[in-house]
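Engineer: Have a look; sequence and predicted model below, questions after that.
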Amino acid sequence: MPADSPIRPDPLPVTRKLAPQGKVNLVGLTRDALRAALIAAGTPEKQARMRTAQLWQWIYQKGLRDFAAMTNLAKPYRALLAEHFTIELPELVTRQISADGTRKYLVRVAGGHEVEVVYIPETDRGTLCVSSQVGCTLTCSFCHTGTQKLVRNLTAGEIVGQIMLARDDLADWLKPGEGMGERPRLISNIVLMGMGEPLYNFDAVRDAMRIAMDGEGIGLSRRRITLSTSGVVPEIARAGREIGCMLAVSLHATTDEVRDHLVPINRRWNIAALLEALRAYPKLSNSERITFEYVMLKGVNDSDEDARRLVRLIGGIPAKINLIPFNEWPGAPYRRSSESRICAFADILYKAGYATPIRTPRGEDIMAACGQLKSATERARKSKREIEREAGLQAP
Ligand code: SAH
Ligand code: SF4
């Protein structure tokens, strides 16, 4: 059984953790916004650029939260910063560690909403899957996130804050005296594949990823950041221009008829429109391929004919195809394709020249897989409530 170890068994209400009134949280501010905030607080204009870089290094490379410990700044300046600013993260509510090392964090953001963050260690990398929204406005019929009613965009600080919380937990910050790149990083890759549609929260996702990619910020290469979209066509080119990270696309079907049903955004921008936008994605090359995500649903999209049609559709696009065995959730209207069906499907793609990794289900014992995020926790709570109600401990 996985260790189910709440970091704070009795979490504080989020309101008690909010920044003191009037103080600006520096986490998630773009370079320009931070520079402007420093100037407004009294930093001489000609120093502001350097101070921005110094602060970013403390915050995003060393993981510091206390201005008083920023030793390369003069003491009165540290006091000035503390007077005007805070360095605040969302609140870590619980952490679960799977038998396979996958870690799932439940994170509470302002307003009491919760999102999940998943860390997946592999031999050659460590991938952090972050959320961009609470819930999702789209209603893909196989995805549990789409059934959640509550939706709000996360702020850039809440997105980058997820990375920082995971780095806290993994002790993945630069140690004193250590330089960037001296030691392999536990979080080497970021995927925007948690809750939400990142391209419907464009500005916050862009600002957060720019901090993640900046050499004075978190400092990950843009090739180690992958944004997954269900196909918000008009924003794809903009993502290429303004973020420049790797792109994954939730294709999941090879005909409009099936995709309309699985990924309803297809009714707005169909497969042809989506593929056209992808062909125009900047920097597309064999070393920077697009990932097509394809969830394997028994009897729905998993035939040999589908595989062959998929090959024809994406012809000419430098691509790899990520086959995702469907993660079933209670009440889901689909079943996972059999292993042999998935292998036969993969074989057709492989023979056509595509790298076709089959996503190994990770962290299944803690329900850390796609489309299950948060739902398991909600169910656990519900059943706890139900148990208490039955035992007469709680009013209905
Ligand atoms: N909204 C974005 C990113 C988040 S979902 C998108 O849709 O691309 C990340 C991936 O998990 C997507 O490919 C999504 O289709 C897939 N997914 C969602 N629910 C799933 C489930 N129950 N089983 C397998 N994959 C699922
Ligand atoms: Fe939203 Fe992506 Fe789930 Fe579709 S698959 S409902 S776009 S999170």
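Structural biologist: Arrived safely. Ligands and ions are numbered 1, 2, ... in the order given.
Engineer: Could you list the alpha-carbon positions for stretch 100-107 in CSV?
Structural biologist: Extracted as CSV, the C-alpha positions of stretch 100-107 are listed here (Å, rounded to 0.1, in the frame of the first residue of the first chain):
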residue,chain,number,x,y,z
ASP,A,100,6.2,3.1,-7.8
GLY,A,101,7.5,6.5,-6.5
THR,A,102,4.9,8.7,-8.1
ARG,A,103,3.9,11.5,-5.8
LYS,A,104,0.5,13.2,-5.8
TYR,A,105,0.0,16.5,-4.1
LEU,A,106,-3.3,18.1,-3.3
VAL,A,107,-2.9,21.9,-3.4
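Engineer: Mind checking the pLDDT average for it?
Structural biologist: The average of the pLDDT scores along stretch 100-107 is 94.
Engineer: Would you mind listing the buried residues in the one helix or strand Gly157 maps to?
Structural biologist: For Gly157, the enclosing helix or strand under DSSP states H and E is helix 156-170. Within helix 156-170, the residues scored as buried using 16 or more other Cβ atoms under 10 Å are 156-167, 169-170. Where you see a C-beta, it was placed from the backbone N, CA and C, and this is true even at glycine.
Engineer: by contact count, what packs against it?
Structural biologist: Under the contact criterion of 3 or more Cβ pairs under 8 Å, 6 or more residues apart in numbering; DSSP states H and E, helix 156-170 touches strand 91-97, strand 103-108, strand 114-121, strand 126-129, helix 202-213.
Engineer: Just confirm yes or no for the next helix or strand after that helix near ligand 2.
Structural biologist: Remark: after helix 156-170, the chain's next helix or strand is strand 189-192, criterion DSSP H and E. No. Using Cβ under 6 Å from any ligand atom, no contact is recorded between strand 189-192 and ligand 2, whose separation bottoms out at 10.2 Å.
Engineer: Report the spatially nearest residue to the residue in the stretch 201-350 of the chain that ligand 2 sits nearest to, omitting neighbours in sequence.
Structural biologist: For the stretch 201-350 of the chain, the residue closest to ligand 2 is Ser230, as judged by Cβ to the nearest ligand atom, at 3.6 Å. Using Cβ to Cβ, 6 or more residues apart in numbering and skipping residues adjacent in sequence, the residue nearest Ser230 is Ser250, 4.7 Å away.
Engineer: mind listing the strands in the stretch 251-396 of the chain by residue range?
Structural biologist: Secondary structure of the stretch 251-396 of the chain (DSSP state E, counting those that start in this stretch): strands at 290-296, 319-325.
Engineer: what's the closest non-adjacent residue to Pro282?
Structural biologist: Closest residue in space to Pro282, ignoring its immediate chain neighbours: Gly240 at 4.1 Å, by Cβ to Cβ, 6+ apart.
Engineer: secondary structure element for that neighbour?
Structural biologist: Mapping Gly240 onto the secondary structure by DSSP H and E places it in helix 233-242.
Engineer: Just want the angle from that helix to helix 202-213.
Structural biologist: Using axes from the mean of the first three to the mean of the last three Cα atoms, to 10 degrees, the inter-axis angle of helix 233-242 relative to helix 202-213 is 30 degrees.
Engineer: So which elements touch the helix or strand following helix 233-242?
Structural biologist: Sequence-wise, the next helix or strand downstream of helix 233-242 (DSSP H and E) is strand 246-250. Contact partners of strand 246-250 among helices and strands, from 3+ Cβ pairs under 8 Å, 6+ apart: strand 225-229, helix 233-242, helix 271-279, strand 290-296.
Engineer: Tell me which of those sits most buried.
Structural biologist: strand 290-296 (a mean of 24; mean count of other Cβ atoms under 10 Å).
Engineer: does any part of that strand sit near ligand 2?
Structural biologist: No. Residues of strand 290-296 contacting ligand 2 under Cβ under 6 Å from any ligand atom: none, with a closest distance of 8.6 Å.
Engineer: Relative to that strand, what are the paired strands and their orientations?
Structural biologist: Looking at strand 290-296 with DSSP bridges, its partner strands are strand 246-250 (parallel), strand 319-325 (parallel).
Engineer: Can you get me a residue count around the residue in the stretch 1-150 of the chain that ligand 1 sits nearest to?
Structural biologist: Among all residues of the stretch 1-150 of the chain, Cys143 sits closest to ligand 1, at 3.5 Å; criterion: Cβ to the nearest ligand atom. The burial metric for Cys143, expressed as a neighbour count using other Cβ atoms under 10 Å, is 25.
Engineer: Ligand 1 versus the closest residue to Arg335 other than its chain neighbours, what's the distance?
Structural biologist: Of all residues beyond its chain neighbours, the one nearest Arg335 is Lys298 (4.2 Å), with distances taken as Cβ to Cβ, 6+ apart. Taking Cβ to the nearest ligand atom, to the nearest Å as the measure, Lys298 falls 12 Å from ligand 1.
Engineer: Flag every residue of the stretch 51-200 of the chain that's near ligand 1.
Structural biologist: Counting by Cβ under 6 Å from any ligand atom, the residues of the stretch 51-200 of the chain near ligand 1 are 136, 140, 142-143, 193, 197.
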